[in-house]
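Undergrad: Build the 3D model from these lines:
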Amino acid sequence: MAKVIRLKIGDQEHSAIEQPFEIAKEDWNEYRLLDGGTVRVLTNVQKIFRILDDAGKPVTTAEGEPFLFVRHVTQVVASE
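TA: The predicted structure is shown next:
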């Protein structure tokens, strides 16, 4: 059974469980600037948490999708 932890999101605390995952694909996004420069962006996910309600059940959005919290790092590389 996954361990329930407390996460602070903004000024509120929520119960959550960490979700194991595998990296299926990670690619850089590349943007060409009109002045000839290039900006490349890559986001790497570190951890994914499923938010739980007071009864310990997964919370969903109004559209029925899971409410997840994702810890990530974004790398940006710019060149001229």
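
Undergrad: Show me what the most centrally placed residue in the chain is bridged to.
TA: Residue closest to the mean C-alpha point of the chain, counted by C-alpha atoms, centre = their mean, is residue 70 at 2.6 Å. Beta-bridge pairing for residue 70 (DSSP bridges): residue 48.

Undergrad: got the contact list for it?
TA: 45, 47-49 (C-beta atoms under 8 Å, 6 or more residues apart in numbering). No exception for glycine: its C-beta is placed from N, CA and C like everyone else's.

Undergrad: Tell me the secondary structure of residue 20, please.
TA: Counting by DSSP: H, G, I helix; E, B strand; the rest coil, the backbone at residue 20 sits in coil.

Undergrad: Do you know the pLDDT at it?
TA: pLDDT for residue 20: 95.

Undergrad: Please apply the same query to residue 10.
TA: Per-residue confidence (pLDDT) for residue 10: 89.

Undergrad: do the same with residue 77
TA: So, for residue 77, pLDDT stands at 98.

Undergrad: and it, how many neighbours does it have?
TA: 11 (other C-beta atoms under 10 Å).

Undergrad: I'd say it and residue 31 touch.
TA: No: counting by C-beta atoms under 8 Å, residue 31 is not a contact partner of residue 77; they are 10.9 Å apart.
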